[in-house]
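*Asks:* okay, here's the prediction I keep looking at, along with the sequence it came from:
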Amino acid sequence: MTQFLKITFLASLSLSISLFAAQPPQKVDCQRVADTAQTYCDGLTEYYCKDIGECLVRRDTCLPSGKAPTDKESCEEYDQCLDGVKSKFTSVCRFKWAADSLTEKVRCVDERSSWWRSTSCPGYTKGDLLRAFILDEMKERDVNFDCSLTKVEYGKMQTKCNEAIANYEKNCLIGPEDKAKVSMYKKNTKCEEYDNFDKYKRGQFAIDTQNKRVNDSSRQKRAPLEDGAAGSRDKKGGSTSK
């Protein structure tokens, strides 16, 4: 009986191997491969690399000392400076001295909490419960206001793009159209701001703006204009200057 079981087992094993060997190789879905490469590579330059540059400009312009806002006054100054340079960018950064929705700690936080938020604003992002549930939210926050998060985000997407390109080249490089796409995607993996991030000096990207800090003139008492001085107002409140 034992001999019979051995023979049966060996016969079954041989049949299984034969059937497995006879299976045709799994067909690669090249459309999916191409779409994956496009998803990970198309936005590398337009979004992720651009975010690094915009973040560095905001950082060097509005936090020239390199110190993160640690109180309400410095947070408001930072927000006002960001507001003063918003015309230079496509996205808007708004910071407020408030409680973080995840930790309840009061600090200077980015008020944006959308799922697809940009990292081009240097600073601690407002917590998002959905992101915290699905992702490791605490590792996605620019705690030191130094744009390190935007560098990390680019690095992650660059890795995924390179992996997608390798898969494309290995399995689906069929015609000239595919070769052209791969060539374009490889160019997208180049980002000067990412490659030189740690070499840049603080303040290198600063731009001139009248609102780098809160306008001190609003805090100072203005001396009254003398009677008859240019620009003085008449009793009705109208300006007498012409």
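*Replies:* All right, it came through fine.

*Asks:* buried ones in stretch 143-157?
*Replies:* 145-151, 153-154, 157 (16 or more other Cβ atoms under 10 Å). All C-beta spots, glycine's among them, are computed from the backbone N, C-alpha and C.

*Asks:* CA atoms only: put it into CSV for me.
*Replies:* Output of stretch 143-157 as CSV, limited to C-alpha atoms (Å, rounded to 0.1, in the frame of the first residue of the first chain):
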residue,chain,number,x,y,z
VAL,A,143,7.5,70.4,10.8
ASN,A,144,10.6,72.6,10.5
PHE,A,145,9.2,74.9,7.7
ASP,A,146,12.3,74.0,5.6
CYS,A,147,10.6,72.4,2.5
SER,A,148,12.1,69.0,3.3
LEU,A,149,8.6,67.5,2.8
THR,A,150,8.4,68.6,-0.8
LYS,A,151,11.8,67.1,-1.4
VAL,A,152,10.6,63.8,0.1
GLU,A,153,7.4,63.8,-2.0
TYR,A,154,9.4,64.3,-5.2
GLY,A,155,11.8,61.5,-4.3
LYS,A,156,8.9,59.1,-3.7
MET,A,157,7.3,59.9,-7.1
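
*Asks:* average pLDDT for it?
*Replies:* Stretch 143-157 shows a mean pLDDT of 90.

*Asks:* same deal with stretch 41-60?
*Replies:* 92.

*Asks:* tell me the buried residues in it?
*Replies:* Within stretch 41-60, judged by 16+ other Cβ under 10 Å, the buried ones are 41, 43-44, 48-60.

*Asks:* ok, back up a step: nearest to residue 206, of the buried residues of stretch 143-157?
*Replies:* Nearest to residue 206 out of the buried residues of stretch 143-157 is residue 147 (Cβ to Cβ; 13.3 Å).

*Asks:* now do the contacts for the closest one.
*Replies:* 52, 55-56, 59, 119, 122, 197 (Cβ atoms under 8 Å, 6 or more residues apart in numbering).

*Asks:* need the nearest residue in space to it, chain neighbours excluded.
*Replies:* Spatial nearest neighbour of residue 147, chain neighbours left out: residue 55 (4.0 Å); criterion: Cβ to Cβ, 6 or more residues apart in numbering.
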